[in-house]
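A.B. asks: all I have is the shape, not the residue letters:
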């Protein structure tokens, strides 16, 4: 796992300490992530994904963001 993936996973983990988190991406600016966490239960997909985006602390803000693209899958555990 590259340093960018580790940093992004750590940021998500701060907000979702008990989540199952998988972050993928090899070029440093395009990532995909799957976050499975109990806190998502009862929330719609937009609410779930906004929570994860907030955890990234501005890394996707505008054209100056460190992350250019993020494919995001979120759900509560089954």
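C.D. replies: Thanks, I have it. The structure presented is a predicted model; accordingly, all values stated were derived computationally and were not measured. Numbers count the residues shown, from 1 in each chain.
A.B. asks: so what's the residue sitting nearest the centre point of the chain closest to, chain neighbours aside?
C.D. replies: Nearest residue to the geometric centre of the chain (CA atoms, centre = their mean): residue 52, 4.9 Å. Using CB to CB, 6 or more residues apart in numbering and skipping the chain neighbours, the partner closest in space to residue 52 is residue 35 (5.5 Å). All C-beta atoms are positioned from the backbone trio N, CA, C, and that covers glycine.
A.B. asks: that neighbour: what secondary structure?
C.D. replies: Following DSSP: H, G, I helix; E, B strand; the rest coil, residue 35 is assigned to strand.
A.B. asks: all numbers from here: first residue = 49
C.D. replies: New numbering, starting at 49: the last item is residue 83.
A.B. asks: so how far is residue 121 from it?
C.D. replies: From residue 83 over to residue 121 the distance is 7 Å, taken as CB to CB, to the nearest Å.
A.B. asks: next: residue 78.
C.D. replies: The spacing between residue 78 and residue 121, counted by CB to CB, is 15 Å.
A.B. asks: could you do residue 56 as well?
C.D. replies: Distance from residue 56 to residue 121, counting by CB to CB: 14 Å.
A.B. asks: between the two, who's got more neighbours?
C.D. replies: Neighbour comparison, residue 56 and residue 121: the larger count goes to residue 56, with 22 against 14 (by other CB atoms under 10 Å).
A.B. asks: average pLDDT across the host helix or strand of residue 98?
C.D. replies: Element membership of residue 98 [criterion: DSSP states H and E] is helix 93-103. The average pLDDT for helix 93-103 rounds to 95.
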